[in-house]
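In: need a structure here:
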Amino acid sequence: MIARAVAVWLGLALLASLNGAFRESVLVPRMSETAARAISTVMLSVVILMAALAAIGWISPAPHRDAWRIGVLWVVLTLAFEFLAGHYLFRIPWRELTRDYNILQGRIWVLVLIVTAVAPAVAAAFRERTP
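Out: Next up, the predicted model:
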């Protein structure tokens, strides 16, 4: 189950990278950076929910509690990639990496982390209720 959850997360990381490229190449030139980031955040949140719905059967978490564990795993992997790879691999300063967490400046990236945490449990609950 964990290996499958990590495989799905790798797909999510790829989709998140494509979302970021779309934001920078299409949205930012057409609107403010704050608006582009907000739209990109909502788009990525929807993609994560859809991916969780599509993959939850394959991941196959046994008890509902395992779905929550997968969500926590996805958030930890996301934060580790964002901060460790962002800083050490891509050489992005720590201050710039933490800017996306400043809600007072219109940065709503934290929504992606919340959706990432709950998406597997939501998908598992939806799967249980759907014949």
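In: starting at the chain centroid, how far to whatever helix or strand A80 lives in?
Out: For A80, the enclosing helix or strand under DSSP states H and E is helix 64-80. Centroid displacement of helix 64-80 relative to its chain, using Cα atoms, centre = their mean, to the nearest Å, is 11 Å.
In: and it, what's its mean pLDDT?
Out: Helix 64-80 comes out with an average pLDDT of 95.
In: CA atoms of that helix as CSV?
Out: The C-alpha trace of helix 64-80 is given here as CSV (Å, rounded to 0.1, in the frame of the first residue of the first chain):
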residue,chain,number,x,y,z
HIS,A,64,-10.3,4.2,6.7
ARG,A,65,-7.4,5.1,9.0
ASP,A,66,-4.9,4.1,6.4
ALA,A,67,-6.4,6.6,4.0
TRP,A,68,-5.6,9.4,6.5
ARG,A,69,-2.0,8.0,6.9
ILE,A,70,-1.6,8.2,3.1
GLY,A,71,-2.7,11.9,3.3
VAL,A,72,-0.1,12.6,5.9
LEU,A,73,2.5,10.7,3.9
TRP,A,74,1.7,12.8,0.8
VAL,A,75,2.0,16.1,2.8
VAL,A,76,5.3,15.0,4.3
LEU,A,77,6.7,14.1,0.9
THR,A,78,5.4,17.3,-0.6
LEU,A,79,7.0,19.5,2.1
ALA,A,80,10.2,17.5,2.0
